[in-house]
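Participant: here are the coordinates; sequence isn't available:
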C-alpha cells in the first residue's frame, strides 16, 4: 500500500473535485484527490451537458444571474482544457429551442422571452416554419416556439476527463 501526504486532500474526483484540485495546484498547493472510481466517471459524466441558463429560467433572480455567468465561464473553461490537455469537451453555443404547445392549445411565445428581452438577452421567436427547420423531428402540430441562441452544450464526460487530466498534470 502506498502512503502519500498532502497539504490539501479532496474527497471526490468528479468535475468539482478535479476543478478544485486544478485551481489549487495552479496556486501552488500540494493536492491529493481521493475517489472510489476513475475521476469524473460517476455523476459528472452522466449529466446531459446542456447549459440552458435562459431556457430553464423561471424568472429574473440572483440565481439566474449566476447561471448566466456560469454559462459564460464554461466556454472559457472548455478553451482552457483544450489548450492544456488537447481534450475537446465540445462546448459550443448551439442554442436551446423551446416549443409552445401544439395548436389549438398554442399560446403566445413563452412569457420568459419577454422579461429576458427586457434585459437585452437574445431570444428569437420562431414561427412554425422556423421551428420545423430548427427541430425537424418535432412532433406535428407545434406552431411556435422560442430559441435561446446563447445557451450552449458540451460533453460532460470529456469535460470531466479533461479537467482531471489537467489537474494531474498540474500536480
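Facilitator: Sure, I can see it. Just so it is clear, the model here is predicted, and its values are computed rather than measured.

Participant: from here on, just use CA atoms for contacts and neighbour counts.
Facilitator: OK.

Participant: lowest-scoring secondary structure element of this protein by mean pLDDT?
Facilitator: Taking mean pLDDT, DSSP states H and E as the measure, the helix or strand of the chain with the lowest value is helix 43-46, at a mean of 80.

Participant: name the residues that touch it?
Facilitator: 14-15, 156-158, 160 (C-alpha atoms under 8 Å, 6 or more residues apart in numbering).

Participant: now, which of the residues you listed sits nearest residue 87?
Facilitator: residue 158 (6.9 Å; C-alpha to C-alpha).

Participant: which other helices and strands contact the strand or helix carrying residue 129?
Facilitator: With elements taken from DSSP states H and E, the one containing residue 129 is helix 128-134. Helix 128-134 sits against strand 144-148, with contacts defined as 3 or more C-alpha pairs under 8 Å, 6 or more residues apart in numbering; DSSP states H and E.

Participant: what helices and strands are in contact with the strand it packs on?
Facilitator: strand 96-99, strand 124-127, helix 128-134.

Participant: one step back: who wins for neighbours among the contacts of helix 43-46?
Facilitator: Using other C-alpha atoms under 10 Å as the neighbour test, the contacts of helix 43-46 are led by residue 160, with 28 neighbours.

Participant: report the distance from the helix holding residue 129 to the chain centre.
Facilitator: Its chain's average C-alpha position is 25 Å from that of helix 128-134, according to C-alpha atoms, centre = their mean, to the nearest Å.

Participant: what does that helix contact?
Facilitator: By C-alpha under 8 Å, 6+ apart, the list of residues contacting helix 128-134 reads 99, 138, 142-145.

Participant: show the buried residues in the residues you listed.
Facilitator: 99, 142-145 (16 or more other C-alpha atoms under 10 Å).
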